[in-house]
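[1] model this:
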Amino acid sequence: MSDLGSFVKRLRDIMRNDAGINGDAQRIEQIAWLLFLKVYDAQEEDWEFDDDDYESIIPEDCRWRNWAADDGKGHGMTGDALLDFVNNRLFPALKGLDVDADTEVRKAIVKSTFEDANQYMKDGVLLRQVVNVIDGVDFGDYEESHAFGDIYESILKELQSAGSAGEFYTPRAVTDFMAERIHPKIGETMADFACGTGGFIVSWLKQLALQVRTTADETAVNRSIYGIEKKQFPYMLCVTNMLLHGVEVPQIVHGNALLKDVLDYTEKDQFDVILMNPPYGGSEKASVKSHFPSDLASSETADLFMSVIMYRLKANGRATVILPDGFLFGTDNTKAAIKKKLLSAFNLHTVVRMPSSVFAPYTSITTNILFFDRTGPTQATWFYRLDMPEGYKHFSKTKPMRSEHFDPVRAWWDDRHVIADDETETFKSQRYTAEDIAENGYNLDLCGYPHEEEEILPPLELIHEYQEKRASLNAEIDRVLDAIVAQLPHGDDQDA
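    Predicted structure coming up:
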C-alpha cells in the first residue's frame, strides 16, 4: 500500500456509497472485523513459520488469504458471490467455532471477536473494493506494520464521534503519562478491568519496550497484560490492537469485571499494576451490587470499579486510576466507606486534578488521576492542580491535550512543594494528612479550580454537567443533614 495516510479516507469514501452503512459507528465496525481477519492472518503466517504443526481454528476457505486476496486480475470473489460467502458462510462459520476451556487463547479469540460482530454492507462490488484496500497493507513488512499502528490510532479516535462509542477512547497523552508515572518493570503484570480499545495497555507496552534487551524480556512483556471489556465492539478493536502491537496471545477477556464476588478474589487474581479509566455516570442493578460488601455496594459504576481495583491489587502493587469529581467530593455513606478503605489499606500518595475539557467535546465531566499503592495506609496525600496550558481556553477535538501539557506535573513530581494560588487564596498544590482528610468527611475536593465564568454549552454537554452538579449537590445535602441529625437529641432526651 503506497499511502498509508489515506487509508481511512479511502475506506470512508467507498462506504459512503453503500446503502447498508448508516453512520460512523457502523462504518468503523465494518472496518474493524475486516482488519481483525487481515491482521490475524498475518499473525498466523508467523505462527506457521515457527511451528510446522500449527493448525488454524478458522476453516480453510474462511481464512483471509483464501477468500479476500485478489491477484488484481479479477479472480477475487466480488458482487453477489462475495456477499453470499460473507453472509452465509464466513460469519456463521466464525460465530459457530468449536471453542472450549482447552482451546488456545490465540485461537479462541476468533470466536469471541465475532460473537456479536455485524456485516452491514449490501453492495458486493463495494465490499470487494474495501477488502482490497485493507488487503493492500503488508503486515509482514515491519516498517509498514509499525506505521499502521498510527493509522489504527486514528480509527480509534474516530470512535469519539460515533455516538456512545466515544467512551472507549482515553486521550493518548493521558494514558502515556499515567503509564510513565507508574514506572513499569519487566516481569510485572498489569491489568485494566474496563480496557475498551486497549489504550492503557498500549501505553504500558510502550514503556516496557524501552527496557527490552533479550527475547526473554520480549516474551515477559507480551505475557504481562490482562484486560476485560464488557462490550463486543471495543473488545474486537482491543484484540486487533494487541495483535498490531506484537502481543501474540492477547489475554483480553470479553466479559463484565463487576460480575464476581470481590471477596472471592485470591492472590492469583491480583496484579502488580492496575491502570484504568473506569466507566462512570452509570447506575448498576442490585444484582451487580450483590457482589460487593454492603458498605461498598454503590450503585455508581466508578465506585464499584474502585472496589474491584482495591481487591485485585497485589501487596506492594501500584495503581493509577482516572475518576470523576463526583468520587472526590461525594460524602454519602458508600463513597465515604470506599475512600476510608482506600486511605486505611492503601497509600494514596498523589491526586492530579485535570482541566474539565480533557475529554472535550465528548464529555464535560471533570476528572482526576489517583495514584496509590498497596504498601500500607496513607500518611499524607499530595494534590496538584494541572491548569490549562498558556494560549488554551479549553481543549477540543482539533486542539486535544498533548503529552507536553503534563510537563508542569513532571517538573513538580520529583520536587514536591506547596504552590499557593494568591488570586483565589487557595492552593494549586498542597499536602494533606490522612487525618486532615478524615476530619473533612473524606471529601477529596482539594486544590480545585477557581470558579470560571459560565459558558453556554451544547444541550447534551449541558445535561451531563447538570447531572454531575446535581450529584454533587445531593451529596452535600446528605452530608449536612447527617450532621444536623447527629446534633439532635435522642428520643429519650426529648421525652425528658
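
[2] mind listing the strands for the protein?
    Secondary structure of the chain (DSSP state E): strands located at 190-192, 225-229, 252-254, 271-276, 313-324, 347-353, 367-373, 380-385, 419-421, 426-433.

[3] which neighbouring elements make contact with the fourth one?
    Applying 3 or more Cβ pairs under 8 Å, 6 or more residues apart in numbering; DSSP states H and E, one finds that strand 271-276 contacts helix 172-181, strand 190-192, helix 199-209, helix 301-311, strand 313-324. C-beta here means a position set from N, CA and C on the backbone, and glycine is covered the same way.

[4] out of these, which is closest to F406?
    Of all the helices and strands packed on strand 271-276, helix 172-181 sits nearest to F406, with 4.5 Å by Cβ to Cβ.

[5] helices or strands up against the closest one?
    In terms of contacts (3+ Cβ pairs under 8 Å, 6+ apart), helix 172-181 is packed against helix 199-209, strand 271-276, strand 313-324, strand 367-373.

[6] the third one to strand 367-373, inter-axis angle?
    So the one you mean is strand 313-324. Interaxial angle, strand 313-324 versus strand 367-373 (axes from the mean of the first three to the mean of the last three Cα atoms, to 10 degrees): 170 degrees.

[7] just the first one next, same as before
    What separates the directions of helix 199-209 and strand 367-373 is an angle of 50 degrees, with the same axes, to 10 degrees.

[8] put the alpha carbons of helix 199-209 into PDB.
    Presented in PDB, the C-alpha positions along helix 199-209 are these (Å, rounded to 0.1, in the frame of the first residue of the first chain):
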ATOM      1  CA  GLY A 199      -5.200   2.400  25.200                       C
ATOM      2  CA  PHE A 200      -3.700   1.900  28.700                       C
ATOM      3  CA  ILE A 201      -2.300  -1.500  27.700                       C
ATOM      4  CA  VAL A 202      -0.600   0.000  24.600                       C
ATOM      5  CA  SER A 203       0.900   2.800  26.800                       C
ATOM      6  CA  TRP A 204       2.200   0.200  29.300                       C
ATOM      7  CA  LEU A 205       3.800  -1.800  26.400                       C
ATOM      8  CA  LYS A 206       5.500   1.300  25.000                       C
ATOM      9  CA  GLN A 207       7.100   2.000  28.400                       C
ATOM     10  CA  LEU A 208       8.300  -1.600  28.700                       C
ATOM     11  CA  ALA A 209       9.600  -1.700  25.100                       C
END
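
[9] returning to what we had before: I'd like the strands of the chain as CSV, with mean pLDDT, distance to H291 and mean neighbour count appended.
    Below are these laid out as CSV (pLDDT from 0 to 100; distance: least, Cβ to Cβ, whole Å; neighbours: other Cβ atoms under 10 Å):
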stretch, mean pLDDT, distance to H291, mean neighbour count
strand 190-192, 98, 18, 27
strand 225-229, 96, 14, 24
strand 252-254, 94, 16, 22
strand 271-276, 98, 18, 25
strand 313-324, 97, 17, 20
strand 347-353, 98, 24, 21
strand 367-373, 97, 22, 22
strand 380-385, 98, 29, 20
strand 419-421, 92, 41, 14
strand 426-433, 95, 32, 18
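
[10] about what we covered before: out of the helices and strands packed on strand 271-276, which comes closest to L34?
    helix 199-209 (21.0 Å).

[11] the closest one: which residues count as buried?
    For helix 199-209, burial by neighbour count (16 or more other Cβ atoms under 10 Å) applies to G199, F200, I201, V202, S203, W204, L205, K206, Q207, L208.

[12] what helices and strands are in contact with it?
    helix 172-181, strand 190-192, helix 215-222, strand 225-229, helix 232-244, strand 271-276.

[13] what's in contact with the longest one?
    Right, the one you point to is helix 232-244. Identification of contacts with helix 232-244 by Cβ atoms under 8 Å, 6 or more residues apart in numbering yields 29, 32-33, 35-36, 39-40, 43, 109, 112-113, 115-117, 139, 145, 148-149, 152, 155-156, 159, 165, 168, 195-198, 201-202, 225, 227, 229, 250, 252, 254.

[14] TSV for the helices and strands packed on helix 199-209, including distance to A345?
    Formatted as TSV, the helices and strands packed on helix 199-209 follow (distance: least, Cβ to Cβ, whole Å):
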stretch	distance to A345
helix 172-181	21
strand 190-192	18
helix 215-222	29
strand 225-229	22
helix 232-244	30
strand 271-276	15
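
[15] for these, which one sits closest to E300?
    Closest approach to E300 among the helices and strands packed on helix 199-209 (Cβ to Cβ): strand 271-276, 15.7 Å.

[16] for the closest one, output the C-alpha coordinates as CSV.
    What follows is strand 271-276, C-alpha atoms only, in CSV (Å, rounded to 0.1, in the frame of the first residue of the first chain):
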residue,chain,number,x,y,z
PHE,A,271,-1.8,-7.8,39.6
ASP,A,272,1.3,-5.8,40.2
VAL,A,273,-0.1,-2.8,38.4
ILE,A,274,-3.6,-1.6,37.5
LEU,A,275,-4.0,1.2,35.0
MET,A,276,-7.5,2.2,34.0
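
[17] one step back: so which of the strands of the chain gets nearest W67?
    Closest to W67 of the strands of the chain, according to Cβ to Cβ: strand 252-254, at 25.0 Å.

[18] give the pairing partners of the closest one; include direction for each.
    strand 225-229 (parallel) (DSSP bridges).

[19] look through the protein and tell me its longest helix.
    Identified as the longest helix of the chain according to DSSP state H is helix 459-487.

[20] returning to what we had before: relative to H75, which of the helices and strands packed on strand 271-276 is closest?
    Using Cβ to Cβ, the helices and strands packed on strand 271-276 put helix 199-209 closest to H75, at 37.4 Å.
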